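Engineer: predicted model and sequence below, questions to follow.
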Amino acid sequence: IIMISDDRERQKMMSKKGRRATSNEKGGHVGKCSPLKIVICAIAALVGFMTWLNATFDVNLNERIKPVKISSVRRSEEKENRLRPDLDKWLQMNSNTPASRFVKLLRVHLHAQHDSEASRIKSCCNRVTSLNRCADIFVKLGDTETKGAVATKNRAWCLGGTQNYLHAQKLHQDAASDELQIYTRIPLIDRDNFTVWNLHRYENKEWISNLGTDAVCLPLILAAASIQDFGVVVELGPFLGFSSRCLGIGLNTTGQSHSFFAFDTFDGTANYNSIAHSSPWVKQYNQSFTPQNSNFIWLWDMVMKDVYPTARANAGWINAANVNAQHWNNRPIAFLGIDSIKDWSDWKSQLEGLPNPLLSKGAIFAAMDFILTDQPLIYYGCLRSFLQPVYSSLCAAEHWIFIVLQDIYQADIQTCMSELVSFPSTESINTMMQHLQQDLLFLRNLNSSKEDDTMSAEMNCVQDALAKKLSITSPIWSRFK
C-alpha cells in the first residue's frame with residue numbers, strides 16, 4: 001500500500017511537470033543549452049535521481065527512534081497502512097474480550113506512571129550478553145544469589161510493579177530491596193500472606209529458577225486475569241514453570257477452573273543438568289530424580305499447586321499428535337504462549353494440531369523468545385495485520401505480547417510465508433522495517449511521556465537487533481527456504 005501510494009504521488013508530480021514542460025515549449029522559453037549548462041543539468045538530474053532512489057529503496061538499519069506523540073503514531077499508521085485500525089476505537093468495539101481487558105490492566109499497572117517501565121524492567125535483570133538479555137539461572141546459596149558476579153536485582157520492583165513497590169518502600173523505609181519482597185504486593189492479589197517473596201518460591205520455600213522470565217511475569221499475570229469466560233490458556237514449552245505460575249496467579253483471579261494447559265517434554269539430560277545446577281536441593285528432595293530418570297513434570301505441578309491447582313501439564317513432543325483442542329474440549333484459546341517455537345519449521349509442526357482459527361479476534365498471544373529467534377520474520381512478514389504488540393521487555397529480555405485484531409488461520413499464514421521466502425524483495429524488506437519502526441514508536445509512547453535517554457537507548461537496541469534479523473542478508477531467509 002505504501003509503495004502504491006508513493007508511485008501515485010510520483011506519477012502526479014511527473015504529470016504536472018510534463019504539462020509545464022509542454023507549455024514552456026509552446027511559449028518558446030526553451031532555448032539552446034550551452035555545454036556548461038548541459039553539465040550542470042546532468043549533475044542536478046543525477047543528484048535528484050539518487051535522492052529518489054535512496055528514499056524509495058534504501059533500508060537504513062541505523063535510523064534512531066525519536067519520541068513521537070501517541071496520536072501522531074496512530075495517524076501515521078492509518079495513513080501508511082489502512083489495514084491497521086485505531087487501537088482505541090478497536091478496544092471500544094471489542095471491549096468484552098481478553099485483549100481489551102488486558103490493555104486496560106496494562107495502563108493501570110504498568111503505564112499509569114509514565115517513564116517508569118524501562119526502569120522496572122531493568123530492575124529484573126542481569127545484563128550478560130550482547131543483547132543485554134536478562135539471564136536468571138543462578139545457584140541459591142543462603143541469602144546470596146550468584147551468577148559469576150553477585151546479581152544486582154530488585155525483584156520487589158520487578159514483580160510487584162512500580163506502584164506497589166513505592167508503597168511498600170514508603171511503609172518500610174529501613175528495609176533493603178531484598179527485604180521489600182516480603183512486603184510488596186502483587187497486582188490484583190490482595191493478600192498479605194502472598195507477596196513478591198512467595199511468588200518466586202515453592203510451598204517448601206525453595207527458590208523457583210527460571211530462564212529470565214522475571215521481566216514478563218507481571219504482564220503475564222495481567223494477561224491471564226483478562227480471560228474471564230472466554231476460553232483457555234495454552235502454553236508451549238514452560239520448562240520449570242515460572243511463567244506458568246505467573247499465568248496461574250492471574251487466571252485464579254477470574255474464578256475459572258480447569259482452564260490451563262501446558263505442553264513440554266518435561267524430560268531430557270540437558271534439562272536435568274540445568275535443574276541440578278540451578279536447584280541443587282531438588283536431588284535431595286526427590287532422590288529418584290536422576291540422569292536416567294529425568295522426568296520433572298512433578299516440579300511443574302509443585303509450581304502450580306498453590307496458585308492454580310487445576311492446571312494440567314502434558315508430557316511429550318509438542319506436535320499435532322499431542323497438542324490439540326481435545327485436551328480442553330474444543331474451547332477457544334484465549335491466551336497462547338510459545339516458548340518452544342524458534343523457527344518456521346517449529347511453528348508449522350507444533351501448531352498444526354490446533355483448530356482454525358488458530359487464534360480468534362480478541363485473544364492474547366505471547367512470544368517468549370521473540371527477539372532471540374526467527375519469529376520476527378514470521379510476524380513482520382505475515383502476521384502483523386493480525387496482531388498489535390502491546391508489551392515488550394525492551395532490550396533487557398526477549399518477550400513480546402500481542403493482542404489479536406482479527407482471526408488467524410494457519411493456511412493463510414503458510415501461504416503468505418511460502419510466497420515471502422520464495423520471492424524476497426527490497427520492497428518487502430522496506431515495508432517490514434517501516435512496520436518495525438511504527439511498532440517501536442507505539443511501544444515507546446506507551447512506556448514514556450517525554451524524551452528519555454534510557455527509553456531511547458532501549459528502543460534503539462531492540463531496533464538494531466530486529467533490523468539485523470529482517471535484513472535480506474540475514475541467515476533466517478535461507479533457513480526458512
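Structural biologist: Thanks, I have it.

Engineer: which non-adjacent residue is nearest residue 228?
Structural biologist: Once flanking residues are discounted, residue 228 sits nearest to residue 254: 5.1 Å by C-beta to C-beta, 6 or more residues apart in numbering. To be clear about C-beta, it is placed using only N, CA and C from the backbone, and glycine gets the same treatment.

Engineer: before we move on, which element is the one you found in?
Structural biologist: When elements are assigned from DSSP states H and E, residue 254 belongs to no helix and no strand.

Engineer: okay, it and residue 275: tell me how far apart.
Structural biologist: Between residue 254 and residue 275 the distance is 31 Å, computed by C-beta to C-beta, to the nearest Å.

Engineer: who has more neighbours, these two?
Structural biologist: Using other C-beta atoms under 10 Å, the more surrounded residue of residue 254 and residue 275 is residue 275, with 19 against 16.

Engineer: okay, now residue 309: neighbour count?
Structural biologist: Residue 309: 11 surrounding residues under other C-beta under 10 Å.

Engineer: sorry, wrong one. I was asking about residue 112.
Structural biologist: The burial count assigned to residue 112 is 12, neighbours taken as other C-beta under 10 Å.

Engineer: neighbouring contacts of stretch 359-367?
Structural biologist: Identification of contacts with stretch 359-367 by C-beta atoms under 8 Å, 6 or more residues apart in numbering yields 94, 97-100, 102, 216, 220, 223, 226, 230-231, 332-338, 375, 379, 386-387, 399-408.

Engineer: what about that stretch, start to end distance?
Structural biologist: When the termini of stretch 359-367 are compared using C-alpha to C-alpha, to the nearest Å, they are 14 Å apart.

Engineer: can I assume residue 472 sits in a strand?
Structural biologist: No - Residue 472: not assigned to a strand; according to DSSP: H, G, I helix; E, B strand; the rest coil it is coil.

Engineer: which SSE is the closest residue in space to it that isn't next to it in sequence in?
Structural biologist: Closest residue in space to residue 472, ignoring its immediate chain neighbours: residue 429 at 5.4 Å, by C-beta to C-beta, 6+ apart. Secondary-structure element containing residue 429, defined by DSSP H and E: helix 426-447.

Engineer: buried sites along that helix?
Structural biologist: Neighbour-count burial for helix 426-447, with 16 or more other C-beta atoms under 10 Å as criterion, is recorded at 428-447.

Engineer: ok, stretch 331-346 next?
Structural biologist: Residues 333, 334, 335, 336, 337, 338, 339, 340, 341, 342, 344, 346 are the ones in stretch 331-346 that count as buried (16+ other C-beta under 10 Å).

Engineer: show me those residues that map onto helices.
Structural biologist: Residues of the buried residues of stretch 331-346 located in helices (DSSP state H): 344, 346.

Engineer: how far off helix 426-447 does the helix or strand hosting residue 390 point, in degrees?
Structural biologist: Residue 390 belongs to strand 387-392 when elements are defined using DSSP H and E. An angle of 50 degrees separates the directions of strand 387-392 and helix 426-447 when computed by axes from the mean of the first three to the mean of the last three C-alpha atoms, to 10 degrees.

Engineer: so what does strand 387-392 touch, helix or strand wise?
Structural biologist: helix 98-109, strand 400-404, helix 426-447 (3 or more C-beta pairs under 8 Å, 6 or more residues apart in numbering; DSSP states H and E).

Engineer: what's the closest of these to residue 299?
Structural biologist: Minimum separation from residue 299 across the helices and strands packed on strand 387-392 (C-beta to C-beta) falls at strand 400-404, 25.3 Å.

Engineer: TSV for the helices and strands packed on strand 387-392, including distance to residue 284 and mean pLDDT?
Structural biologist: Below are those laid out as TSV (distance: least, C-beta to C-beta, whole Å; pLDDT from 0 to 100):
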stretch	distance to residue 284	mean pLDDT
helix 98-109	38	94
strand 400-404	37	97
helix 426-447	43	89
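
Engineer: for this structure, which spans come out with low pLDDT?
Structural biologist: In the predicted model, the chain carries pLDDT under 70 at residues 1-41, 44-85, 126-152, 449-451.

Engineer: so where do the strands sit in this structure?
Structural biologist: Residue ranges of the strands in the chain, as given by DSSP state E, are 139-141, 144-147, 149-150, 232-236, 260-264, 312-315, 333-338, 364-367, 387-392, 400-404.

Engineer: and the buried residues of stretch 331-346 as JSON lines, adding distance to residue 194?
Structural biologist: Conversion of the buried residues of stretch 331-346 to JSON lines gives the following (distance: C-beta to C-beta, whole Å):
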{"residue": "333", "distance to residue 194": "28"}
{"residue": "334", "distance to residue 194": "24"}
{"residue": "335", "distance to residue 194": "22"}
{"residue": "336", "distance to residue 194": "27"}
{"residue": "337", "distance to residue 194": "22"}
{"residue": "338", "distance to residue 194": "28"}
{"residue": "339", "distance to residue 194": "25"}
{"residue": "340", "distance to residue 194": "29"}
{"residue": "341", "distance to residue 194": "32"}
{"residue": "342", "distance to residue 194": "34"}
{"residue": "344", "distance to residue 194": "41"}
{"residue": "346", "distance to residue 194": "35"}
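
Engineer: for the one residue sitting closest to the centre of the chain, which residues make a bridge with it?
Structural biologist: By C-alpha atoms, centre = their mean, the mean C-alpha position of the chain lies nearest to residue 400, the distance being 0.9 Å. Using DSSP bridges, the beta-bridge partners of residue 400 come out as residue 367, residue 392.
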